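Colleague: Sequence isn't available, so here's the structure alone:
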């Protein structure tokens, strides 16, 4: 089983690759772009991880993204109504949420393959759940002590 983990679009974008429960590679995009806390799609970090494992994007079984744009919608809307954020901030957040939903499209463009050839099942994990989850899986399941 090959899992590609992504932190896409917020600051410190990154990627990791796990094969059969073993962490093969992990990298932050800023290491390749030379821009501290780089925010965007981590294409170079993904390429690095896939190259380290000698795997093509078409061979990935699962893609886990540490952001679920549909999580806590009511709470987010309530916060927006209470705080009156700028229109630019709201547009930026909606744009990022839209990008996260279309990761397969971005991957197909970056790796020059058809979207239908990327067979990986997508999982959008709520951001704050992803933090403890990443620690748990690395310490207890991926590389047991």
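Modeller: In hand now; what should we look at? Everything numeric here is computed off the predicted structure, so don't read it as measured data.
Colleague: residue ranges for the strands of the protein, please.
Modeller: 2-7, 14-19, 22-28, 62-65, 121-124 (DSSP state E).
Colleague: Ok, which of those strands comes nearest residue 50?
Modeller: Taking C-beta to C-beta, strand 14-19 is the member of the strands of the chain nearest to residue 50, at 6.7 Å. The way it works is simple: take the backbone N, C-alpha and C, and place the C-beta from them, glycine included.
Colleague: helices or strands next to that closest one in the packing?
Modeller: Packing partners of strand 14-19 (3 or more C-beta pairs under 8 Å, 6 or more residues apart in numbering; DSSP states H and E): strand 2-7, strand 22-28, helix 43-53.
Colleague: on that earlier part again, can you put the strands of the chain in JSON lines and add mean pLDDT and distance to residue 44?
Modeller: JSON lines is the format used below for the strands of the chain (pLDDT from 0 to 100; distance: least, C-beta to C-beta, whole Å):
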{"stretch": "strand 2-7", "mean pLDDT": "93", "distance to residue 44": "13"}
{"stretch": "strand 14-19", "mean pLDDT": "94", "distance to residue 44": "9"}
{"stretch": "strand 22-28", "mean pLDDT": "92", "distance to residue 44": "8"}
{"stretch": "strand 62-65", "mean pLDDT": "92", "distance to residue 44": "17"}
{"stretch": "strand 121-124", "mean pLDDT": "87", "distance to residue 44": "21"}
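Colleague: Need those in TSV (columns: distance to residue 55).
Modeller: Below are the strands of the chain laid out as TSV (distance: least, C-beta to C-beta, whole Å):
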stretch	distance to residue 55
strand 2-7	6
strand 14-19	7
strand 22-28	8
strand 62-65	13
strand 121-124	16
